[in-house]
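S.K.: predicted model follows, preceded by the sequence.
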Amino acid sequence: MSETHNADDVCPIIEKHKRNKSAKVWFSGAVVRAFKTYDERASLVGALGDEISQIPSDYIPYLLLDYRQMTFVCATLWSEEEDTFFMEVDLAAGAVQVGEVFAPANENNEFDEEDFEPVTVN
């Protein structure tokens with residue numbers, strides 16, 4: 001008989017958390033390894049909730065959260081039907097800079113196309 005699951009390996013889990021609103025949160029195995037208890041993961045959800053409350057949207061497809069010197073990749077969706085947030089939280093394995101954002105120096109945020117220089121991204 002073959003074994004289909006390694007019991008020693010930490011698997012992703014889904015938990016319910018409550019702060020101001022209820023949330024069903026999917027944590028990747030990497031997050032579960034770093035935050036072994038429910039209370040530790042609840043503190044991460046609290047930090048994520050602080051970030052989400054600053055964004056005026058019911059759907060956030062991509063959010064980076066720096067917490068305890070770690071970077072997390074998160075997504076969230078508010079469900080009016082279930083009166084709950086659905087969240088996915090994963091630990092970022094690495095980051096690569098893919099470009100730069102040009103910010104005009106004037107107060108009206110106006111720019112001239114001559115201000116741009118071609119950029120090659122590797």
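M.R.: Looks like it came in fine. Numbering: from 1, shown residues only.

S.K.: how close does the residue nearest to residue 86 when sequence neighbours are not counted sit to residue 62?
M.R.: Using CB to CB, 6 or more residues apart in numbering and skipping residues adjacent in sequence, the residue nearest residue 86 is residue 77, 4.9 Å away. Quick note: C-beta positions are derived from backbone N, CA and C, even for glycine. Counting by CB to CB, to the nearest Å, the gap from residue 77 to residue 62 is 12 Å.

S.K.: so between those two, which is more surrounded?
M.R.: Legend: neighbour count by other CB atoms under 10 Å for residue 77 and residue 62, higher for residue 77 (14 against 8).

S.K.: so that one sits in a strand?
M.R.: Yes: the assignment for residue 77 (DSSP: H, G, I helix; E, B strand; the rest coil) places it in a strand.

S.K.: close enough to count as contact, residue 10 and residue 29?
M.R.: Yes: Residue 10 sits in contact with residue 29 when judged by CB atoms under 8 Å, with a separation of 4.7 Å.

S.K.: so which helix or strand takes in the residue minimising distance to the centre of the chain?
M.R.: Nearest to the geometric centre of the chain sits residue 74, at 1.8 Å (CA atoms, centre = their mean). Assessed by DSSP states H and E, residue 74 sits inside strand 70-79.

S.K.: packing partners of that strand?
M.R.: If you count contacts as 3 or more CB pairs under 8 Å, 6 or more residues apart in numbering; DSSP states H and E, strand 70-79 packs onto helix 38-52, strand 59-67, strand 84-91.

S.K.: where's the closest residue to residue 85 other than its chain neighbours relative to residue 83, distance?
M.R.: Spatially, and ignoring its direct neighbours in sequence, residue 85 is nearest to residue 23 (4.1 Å; CB to CB, 6+ apart). Between residue 23 and residue 83 the computed distance is 11 Å (CB to CB).
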